[in-house]
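Visitor: Provided below are the primary sequence and the corresponding predicted coordinates.
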Amino acid sequence: MGGHVDGDGDAHVWHNTPVTEPADEQTPLRVADRPSTSVTRLIARPAEELWAIVSDIEFPARHSREFLGAEWLDGAEGPAVGARFLGRNRNEHFGEWETTSTIVEFEPPHRLTWAVGDPEMPGSWWGFTLEEGPDGTAVTQTYRIGLGRSGLTVAIERKPDREHDIIAGRFADRRVDMERNLAALDPAAD
């Protein structure tokens, strides 16, 4: 069953703000603007086949240097709007931590979005969008910064004059893992 949530911190923000790439030095990156970065790859596979992979919440952990894995909470057995999962993470700056995420968009086989932290005021959103066309399926993975408290906001509070650089560094790092995720979906990448 598909759908999305509504409200101030909701998924509509996910689509209504522009993607800002870290290479765009003309646009200062600020948490207040909820900037995002994304990676897209055209893959010669049908959307339904790719959906079966990207809608597995463990999929990103197989290729990430930070996300270690997840488990569904509250008896959930898979993605649905409102389903929650516990994610385990680790990086060199913050050590190990856990987050609770909530599925805020679930539109098979086209869109899966989850909010990290409070779904009304998330620290970030992550998602996959699939658009099938005559040459294959364009798969996009997106990471958008939210206004909720996160390790990123803590780092910026410590060094507010470095906000742009901190966000740009975070985007560059996350893009590497997103590119690895999409490459893993592409049989032509072997």
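Guide: Okay, I see it.
Visitor: which SS state does the nearest residue to Ala32 once chain neighbours are set aside fall under?
Guide: Distance criterion CB to CB, 6 or more residues apart in numbering; nearest residue to Ala32, sequence neighbours excluded, is Leu147 at 7.3 Å. Bear in mind the C-beta positions are built from the backbone N, C-alpha and C, glycine included. Secondary structure, DSSP: H, G, I helix; E, B strand; the rest coil: Leu147 is coil.
Visitor: quick check: Leu147 vs Asp33, distance?
Guide: For Leu147, the distance to Asp33 equals 10 Å [CB to CB, to the nearest Å].
Visitor: neighbour count: those two, which is higher?
Guide: Using other CB atoms under 10 Å, the more surrounded residue of Leu147 and Asp33 is Leu147, with 18 against 15.
Visitor: isn't the more buried one up against Arg34?
Guide: Yes. In this structure, Leu147 is within contact of Arg34 by CB atoms under 8 Å, at 6.8 Å.
Visitor: is Leu112 located within a helix, as I assumed?
Guide: No. Membership of Leu112 in a helix is not supported by three-state DSSP, which gives strand.
Visitor: neighbours around Pro134, how many?
Guide: Each residue near Pro134 was counted by other CB under 10 Å, and the total is 4.
Visitor: same question for the one 10 residues further on.
Guide: Each residue near Arg144 was counted by other CB under 10 Å, and the total is 22.
Visitor: likewise for Ala184?
Guide: Going by other CB under 10 Å, the residues that sit close to Ala184 add up to 14.
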